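*Asks:* what would the 3D arrangement of this be:
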Amino acid sequence: MFKKLVKTLLVASFAITSGLTAYAGGHAQKITEFRVGILGGENQADRLRRTKCFVDKAEALLGVPTKVFAPADYNGVIEGLIGGNLDMAWLGASGYAKVYLADPNIVEPVLSLVGKDGNFGYYALGFARKDSGIENLADMKGKQFAFGDPNSTSGYLIPSIEIPDLGYSMEPGEHFSDVVFSGGHEQTIVGVYNGDYDAGVSWSGGTGDWEDGYDYGAFRLASDSGLVDMTEMVEIWRSKIIPEGPIVLRKTLPEKVKIQITALLAGLSSMDPECAYSFGAGEIKGMISVSHEDYESIVAARKAKIGG
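*Replies:* Numbering: from 1, shown residues only. Below is the predicted model:
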């Protein structure tokens, strides 16, 4: 993993400092704009604010406007990629699986985050209010359980497989009184905190201090934004480690653009740590190169569970 991370950073450094002279000739394809999709799960204003530093750098590097699309749900970005209306997105692994199952020739995974502990992966975390008396899934009998989005890896796909394997049916009215979708990770966290749901599931790198929202992820964002006091909530379930979702690029983009954007993102942690913190939703070590092979297990799981 360390060697892969170092290799990614070296490639990024070379690509940026060299000016990509191999593509300086007049025959390279041109783009007139660069279109980025940002998944839902957080309010739109915060998503746009967090990605502004990357957008500014991309515009300066590419020399064309970088347009950001931040639809309310995951499916907006997924359909934007499938329809050829987006050039880049940071997807969850399940979202990537949906795009791949629709058409394997639309996008290619290029990079993914590495947590500050060096892990290529994160966790789905079940949580409840501390004053609820809920400490585990057994305590959730007859309680309402909230999930983020049907296309979320941590906010639905993985819990829908692993929780029943522990003996707790996800069918409403069996163990849980109801299983509902909040609309996104932020909505789930704030909803549980405000008492709208008995418990919920969201995502996190899962290391560091709980009171900070751990190292990175939806809890860290909610904590940093002052939306919740993490000391008022408790973790009640944790999934097995999940492959971190890929940053994908449209396959038909000019090769020069693919290399430029990949290099920019791979070098972000070393060039601008503050921007990397903002873009990466917290404390990250950096990025590593990934490919479709890293997500074959999630593609298979989604196909078996959801069908596409």
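*Asks:* what about the residue lying closest to Arg49 once chain neighbours are set aside, neighbour count?
*Replies:* Excluding the flanking residues, the one nearest Arg49 by CB to CB, 6 or more residues apart in numbering is Ser278, at 7.9 Å. The way it works is simple: take the backbone N, C-alpha and C, and place the C-beta from them, glycine included. Neighbourhood size, Ser278 [other CB atoms under 10 Å]: 19.
*Asks:* show residues contacting the host helix or strand of Ser278.
*Replies:* Counting by DSSP states H and E, the element that carries Ser278 is helix 273-279. The contact list for helix 273-279 (CB atoms under 8 Å, 6 or more residues apart in numbering) reads 49-51, 53-54, 57, 268-269, 283-284, 286.
*Asks:* from those, which land in strands?
*Replies:* Among those, the residues falling in strands (DSSP state E) are 284, 286.
*Asks:* now, of the contacts of helix 273-279, which are buried?
*Replies:* Buried residues within these, defined by neighbour count using 16 or more other CB atoms under 10 Å: 50-51, 53-54, 57, 268-269, 283-284, 286.
*Asks:* what's the lowest-pLDDT member of those?
*Replies:* Lowest pLDDT of these: Ile284, 75.
*Asks:* spatially, which residue comes closest to that residue, not counting chain neighbours?
*Replies:* Leu113 (5.1 Å).
*Asks:* quick check: the one you found touching Gly282?
*Replies:* No - using CB atoms under 8 Å, Leu113 is not in contact with Gly282, being 9.5 Å away.
*Asks:* identify the contacts common to these two.
*Replies:* Tyr216.
*Asks:* who has more neighbours, these two?
*Replies:* Leu113 (29 against 25).
*Asks:* which SS state does the more buried one fall under?
*Replies:* Taking DSSP: H, G, I helix; E, B strand; the rest coil as the rule, one finds Leu113 in the strand state.
*Asks:* dump the contacts of helix 273-279 into TSV; add distance to Ala89 as well.
*Replies:* Converted to TSV, these look like this (distance: CB to CB, whole Å):
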residue	distance to Ala89
Arg49	18
Arg50	14
Thr51	11
Cys53	17
Phe54	12
Lys57	17
Leu268	16
Ser269	20
Glu283	22
Ile284	18
Gly286	20
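*Asks:* show me what contacts Ile284?
*Replies:* Ile284 sits next to 113-116, 205, 215-216, 269, 276-277 when contact means CB under 8 Å, 6+ apart.
*Asks:* list the beta-bridge partners for it.
*Replies:* Here Ile284 sits in beta bridges with Gly115, as judged by DSSP bridges.
*Asks:* state the distance from it to Asn151.
*Replies:* Ile284 is 23 Å from Asn151, where distance means CB to CB, to the nearest Å.
*Asks:* kindly report the same for Thr66.
*Replies:* Taken as CB to CB, the span from Thr66 to Asn151 is 24 Å.
*Asks:* more crowded one of these two?
*Replies:* Asn151 (24 against 21).
*Asks:* in contact with that one: list those residues for me.
*Replies:* 73-75, 78, 92, 94-95, 98.
*Asks:* give me the phi and psi angles of the nearest residue to it once chain neighbours are set aside.
*Replies:* Spatial nearest neighbour of Asn151, chain neighbours left out: Tyr74 (3.9 Å); criterion: CB to CB, 6+ apart. With angles defined as degrees, to the nearest 10, Tyr74 sits at phi -60, psi -40.
*Asks:* need the per-residue pLDDT for Tyr74.
*Replies:* For Tyr74, pLDDT reads 83.
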